[in-house]
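**Student:** my questions are about this predicted structure, shown below with the sequence.
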Amino acid sequence: MEYWPSSDRRPQRTARICNYPDVAYKLDAASIKHSPAWFEAWGGTILGWIMVVLLTLFQAGIFAIGIAMIYTNDASIDESSPDFALYKNSRFHECVNTTPESVDCTLLQGNAIDMSTEGDEQNHFLIDMVFHDYQNNTTEHPTYTWCEVVSCLKDFKILPTTLRPSALQLPSWKTWFQCNIQAIIAAWAARTWIGAQSRKSRSACKGISIKDWGPAVYTIGATVYWWVDFIRWCTRPDYHAFVSVIEWISTWTLAYKMGYHPFSCIFKEDSRWRKVLAGILWTTTVVQWVISCYLFSRYWKEFFPPSLEFAQRYDCVQSQVASAPGQSSCTPDQLCSIPWLLTNPGWNGWSMEAGSSNFFAQYDIANIMLALLFFFSTFTFVSVPLVATATRTYAILRPDRHPERSLFGDLVYFNDEIGGPVISGAVAALVSLCFSALLLGHTPATWNSLNREGPVAYDLDCSAVHVIASPWRQYVDIEYGRALRFVRMWFSI
């Protein structure tokens with residue numbers, strides 16, 4: 001009798017082998033050479049999970065700080081009242097009605113607190129907590145608080161305004177939130193590849209799990225949202241808040257992951273669908289990066305205030321100017337036509353003295369964190385094509401000393417060797433861990449160092465003043481657009 005091993009004559013599918021970047025195997029080889037046996041098997045996995053868990057806990061802490069800043073606010077701001085159009089969330093109304101004994105109000109006309117641009121000496125802003133009277137000829141220059149200097153504006157006409165979305169952008173808490181999200185996504189990708197035990201041998205792929213689908217779906221959703229928001233920003237750049245300059249990093253990470261485990265497991269090696277999807281992601285990454293570089297260069301000063309670019313961030317309510325407190329020699333139409341009065345120059349008053357608990361905030365730690373993440377990722381993103389192009393050029397000039405390979409082959413080779421977002425992800429995670437540890441301890445201790453002080457713009461010729469929203473609670477105490485601002489933060493927009 002003839003023996004039939006199976007009634008199913010269909011060819012059996014060949015199991016796909018897990019494919020990791022070469023940098024992952026190099027890390028594995030290094031761990032085998034320089035670490036004990038237990039670390040060889042579990043060290044990479046343990047370190048990867050520690051990074052992910054710590055960053056996730058930090059993210060929960062960052063979110064908790066934002067919620068706490070909302071519910072520990074005792075200012076009782078009524079945004080529907082006419083007073084909000086005049087004083088926003090500041091205590092300008094309280095200070096302007098005080099009468100300090102020793103303030104020299106001629107300071108308003110001098111250079112001591114004048115942030116004017118060259119050629120226009122009528123652009124004046126108060127953006128500090130403490131002001132020194134350098135016009136005084138005594139050895140020790142008198143010092144005045146923000147509240148004392150504001151009292152000099154008592155008779156100025158207060159300009160009623162409404163906020164634009166761009167007026168509340170770039171608080172350091174939001175920047176910190178977005179940077180940590182990018183670090184989590186990058187650390188998750190690095191965890192997949194640095195885990196030594198999964199690369200012990202080139203085992204068969206078990207497919208893609210929900211823990212891998214989650215970050216991919218989130219990245220695609222965030223990228224689509226980013227493009228929608230960017231197109232909306234293009235229609236009115238001064239009105240809408242500009243989009244994140246680091247969202248492209250997560251798109252880059254996903255594009256890179258398409259060629260490796262676990263996504264390589266769901267496509268055949270020569271799959272046309274995988275090539276099309278990877279091509280779309282890589283093209284999107286490049287375009288996003290170019291746009292992000294433009295936005296970073298355009299808004300560089302806003303990352304590190306004070307910024308005096310005079311972009312309009314508020315809309316003047318001309319119908320309420322006549323009934324607003326104060327007197328002015330200018331008409332409502334003239335007052336609402338002064339563009340720099342409606343700007344947001346930022347706040348330079350996080351620090352008062354070197355010994356105060358608020359001293360380190362003058363360095364704007366969160367924005368330094370964003371700059372490091374952006375520049376290091378850009379360096380890694382650009383260096384791979386440059387190295388590939390240089391190698392290809394050398395191959396053309398000296399064909400006898402270089403193996404034949406296409407430019408795309410060189411690009412893939414060096415991308416595989418250098419690790420691209422694998423290395424950037426690990427560095428981003430470490431940077432975020434260090435900065436978050438500092439900020440988590442620093443922020444709750446200093447959020448009451450301001451008492452609703454904030455930037456103020458005033459015009460001496462018209463005797464007019466515009467009160468700008470106070471950043472004392474990172475703007476989360478202002479209900480205007482708060483839900484949308486939280487959604488944009490979660491999607492790193």
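**Tutor:** Received, thanks. Numbers count the residues shown, from 1 in each chain.
**Student:** next one: residue 365 relative to residue 83, how far apart?
**Tutor:** Residue 365 is 34 Å from residue 83, where distance means C-beta to C-beta, to the nearest Å. Quick note: C-beta positions are derived from backbone N, CA and C, even for glycine.
**Student:** the more surrounded of these two?
**Tutor:** residue 365 (19 against 14; other C-beta atoms under 10 Å).
**Student:** per-residue pLDDT, the more buried one?
**Tutor:** What the model reports as pLDDT for residue 365 is 76.
**Student:** residues contacting it?
**Tutor:** For residue 365, the contact set (C-beta atoms under 8 Å, 6 or more residues apart in numbering) comprises 172, 176, 435, 438-439, 442.
**Student:** the same query, at a cut-off of 10 Å, please.
**Tutor:** By C-beta atoms under 10 Å, 6 or more residues apart in numbering, the contact list for residue 365 reads 172, 175-176, 435-436, 438-439, 442-443.
**Student:** in the one helix or strand residue 377 maps to, what counts as buried?
**Tutor:** In the assignment (DSSP states H and E), residue 377 maps to helix 365-397. By 16 or more other C-beta atoms under 10 Å, the buried positions in helix 365-397 come out as 365-374, 376-378, 380-381, 384, 387-388, 391-392, 395.
**Student:** can you check stretch 480-493 too?
**Tutor:** Neighbour-count burial for stretch 480-493 flags 480-481, 485-486, 488-493 (criterion: 16+ other C-beta under 10 Å).
**Student:** let's see which of those residues end up in helices.
**Tutor:** Per DSSP state H, helices hold the following members of these: 485-486, 488-490.
**Student:** of all those, which comes closest to residue 335?
**Tutor:** Minimum distance to residue 335 across those is 29.2 Å, recorded for residue 485 (C-beta to C-beta).
**Student:** ok, the closest one touching residue 163?
**Tutor:** No - judged on C-beta atoms under 10 Å, residue 485 makes no contact with residue 163 at a distance of 11.7 Å.
**Student:** tell me the confidence at residue 407?
**Tutor:** 50.
**Student:** now residue 314
**Tutor:** For residue 314, the predicted pLDDT is 94.
**Student:** can you give me the neighbour number for it?
**Tutor:** Neighbours of residue 314 (other C-beta under 10 Å): 24.
**Student:** from residue 49, how far off is it?
**Tutor:** Residue 314 is 47 Å from residue 49, by C-beta to C-beta.
**Student:** again with residue 366
**Tutor:** According to C-beta to C-beta, residue 366 stands 26 Å off from residue 49.
**Student:** try residue 292
**Tutor:** Per C-beta to C-beta, residue 292 is found 30 Å from residue 49.
**Student:** who's more crowded, the two?
**Tutor:** Using other C-beta under 10 Å, the more surrounded residue of residue 292 and residue 49 is residue 292, with 22 against 14.
**Student:** other SSEs contacting the helix or strand containing that one?
**Tutor:** Take DSSP H and E as the rule and residue 292 turns out to sit in helix 272-298. If you count contacts as 3 or more C-beta pairs under 10 Å, 6 or more residues apart in numbering; DSSP states H and E, helix 272-298 packs onto helix 210-235, helix 248-257, helix 365-397.
**Student:** quick one: low-confidence residue ranges for the stretch 151-300 of the chain.
**Tutor:** Counting by pLDDT under 70, the stretch 151-300 of the chain has low-confidence residues at 193-207, 269.
**Student:** please save the CA atoms from stretch 246-253 in PDB.
**Tutor:** Extracted C-alpha coordinates of stretch 246-253, given in PDB (Å, rounded to 0.1, in the frame of the first residue of the first chain):
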ATOM      1  CA  ILE A 246       9.700  66.900  16.100                       C
ATOM      2  CA  GLU A 247       6.700  64.800  15.000                       C
ATOM      3  CA  TRP A 248       8.700  63.700  11.900                       C
ATOM      4  CA  ILE A 249      10.900  61.700  14.100                       C
ATOM      5  CA  SER A 250       8.100  59.100  14.900                       C
ATOM      6  CA  THR A 251       7.300  58.900  11.100                       C
ATOM      7  CA  TRP A 252      11.000  58.300  10.400                       C
ATOM      8  CA  THR A 253      11.100  55.600  13.000                       C
END
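**Student:** the buried residues of stretch 480-493: which two are farthest apart?
**Tutor:** Pairwise over those, using C-beta to C-beta, the maximum falls at 480 and 492, 21.5 Å.
**Student:** just to check, residue 477 is in contact with residue 67?
**Tutor:** No - in this structure residue 477 lies outside contact range of residue 67 using C-beta under 10 Å: 11.7 Å.
**Student:** and the two? Which one has more around it.
**Tutor:** Higher neighbour count among residue 477 and residue 67: residue 477, with 20 against 11, using other C-beta under 10 Å.
**Student:** for the more buried one, give its distance to residue 387.
**Tutor:** 49 Å.
**Student:** cool, and residue 436?
**Tutor:** Residue 436 is 32 Å from residue 387, where distance means C-beta to C-beta.
**Student:** what of residue 478?
**Tutor:** If you measure residue 478 against residue 387 using C-beta to C-beta, the figure is 48 Å.
**Student:** may I ask you to name the longest helix in this structure?
**Tutor:** The single longest helix within the chain, with elements called by DSSP H, is helix 37-71.
**Student:** can you give me the mean pLDDT across that one?
**Tutor:** Averaging pLDDT along helix 37-71 yields 77.
**Student:** now do stretch 334-350
**Tutor:** The average pLDDT for stretch 334-350 rounds to 83.
**Student:** go on, stretch 377-387?
**Tutor:** Throughout stretch 377-387, pLDDT has a mean value of 81.
**Student:** now swap in stretch 424-439 and tell me
**Tutor:** For stretch 424-439, mean pLDDT is 75.
**Student:** restrict that stretch to CA atoms and write it as CSV.
**Tutor:** Extracted as CSV, the C-alpha positions of stretch 424-439 are listed here (Å, rounded to 0.1, in the frame of the first residue of the first chain):
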residue,chain,number,x,y,z
SER,A,424,18.6,58.4,17.9
GLY,A,425,15.9,56.6,19.9
ALA,A,426,18.3,55.4,22.5
VAL,A,427,19.8,58.9,22.8
ALA,A,428,16.4,60.6,22.9
ALA,A,429,15.3,58.2,25.7
LEU,A,430,18.4,58.9,27.8
VAL,A,431,18.1,62.7,27.2
SER,A,432,14.4,62.6,28.1
LEU,A,433,15.1,60.5,31.3
CYS,A,434,17.7,63.0,32.5
PHE,A,435,15.7,66.2,31.7
SER,A,436,12.4,64.7,33.0
ALA,A,437,14.0,63.7,36.3
LEU,A,438,15.1,67.3,36.7
LEU,A,439,11.8,68.9,35.6
